[in-house]
Every structure is written in structure tokens, then in C-alpha cells.
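1. No sequence on hand, only this structure:
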């Protein structure tokens, strides 16, 4: 049974490496969001931890990230990230005006 399990794991790894099974959907999702935000907003978004907050946890995280890139889900998700950036920038501006770091 151990041998069969090892063969299955090795096969899954080979599929991932070959690109047949998109094994880095979360990286692709973050890259897509960054591309759509633009370089300045992407850098700010990452400094605020947006990329870490975007990626869900759990066993099936890769599948979930893949589903989040679907057009029906992605546009509202991107809008939410843009609104988050606006809120953080407004907060930063208010803190700066009040002399708070």
C-alpha cells in the first residue's frame, strides 16, 4: 500500500510540474489581481497584506483560488480589493493629518 501511495503522489507531482493540473492557482490569482490593480496599487496592496488576506486557508486552497479567478467571482473580488486600498489610503491620510503614525 505504501508503494501505491508513493506512486500516486509522484504522479500528482509530475502533473503539477507539467502544468496539466494548475498547482499554483493562488500565485496566479495574486498576479492577476496585481496586474489589474497596476504597479503602484499592487505594491501598496501587498504592503497592507492584501495578498495574504486574499488567499484562503485550508486543504483545498488551490481549487478555491482557481474558482476565485472565474469571471463571475473575480470582478467583485477585484472591486473589493480596490475598495480596500481606498479605505487604507483614506485611513493613512487621516492619520497623517492628525499626526498619528
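-> Thanks, I have it. None of these values were measured; they are calculated from a predicted model.
2. Give me the residues contacting stretch 78-88.
-> Residues outside stretch 78-88 that contact it (Cβ atoms under 8 Å, 6 or more residues apart in numbering): 33, 36, 37, 41, 44, 45, 48, 50, 54. Heads up, the C-betas are built off the backbone N, CA and C, glycines and all.
3. Pull the contacting residues for the third one.
-> Read that as residue 37. Counting by Cβ under 8 Å, 6+ apart, residue 37 has contacts 45, 78, 81, 82, 85.
4. Phi first, then psi, for it.
-> phi -80, psi -30 (degrees, to the nearest 10).
5. So for the helix or strand containing residue 77, what gets flagged as buried?
-> Assigned by DSSP states H and E, residue 77 belongs to helix 71-98. Under the neighbour-count criterion of 16 or more other Cβ atoms under 10 Å, helix 71-98 has 74, 77, 81, 85, 88 buried.
6. need those residues in a markdown table with pLDDT, can you?
-> As requested, those are exported to a markdown table (pLDDT from 0 to 100):
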| residue | pLDDT |
| --- | --- |
| 74 | 97 |
| 77 | 96 |
| 81 | 97 |
| 85 | 97 |
| 88 | 96 |
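7. Mind putting the residues you listed into CSV with distance to residue 65?
-> CSV is the format used below for the buried residues of helix 71-98 (distance: Cβ to Cβ, whole Å):
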residue, distance to residue 65
74, 11
77, 11
81, 14
85, 20
88, 23
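8. which of these sit farthest apart?
-> For the buried residues of helix 71-98, the farthest-apart pair by Cβ to Cβ is 74 and 88; their separation is 21.0 Å.
9. Could you pull up the contacting residues of the residue nearest the centre of the chain?
-> Central residue of the chain (Cα atoms, centre = their mean): residue 30, 3.7 Å from the mean position. Applying Cβ under 8 Å, 6+ apart, we find residue 30 in contact with 51, 54, 55.
10. Where helices are concerned, which of those residues count?
-> Using DSSP state H, the subset of these located in helices is 51, 54.
11. which one of the contacts of residue 30 sits closest to residue 95?
-> Using Cβ to Cβ, these come closest to residue 95 at residue 51, 22.5 Å.
12. Got the confidence number for the closest one?
-> Predicted confidence (pLDDT) for residue 51: 94.
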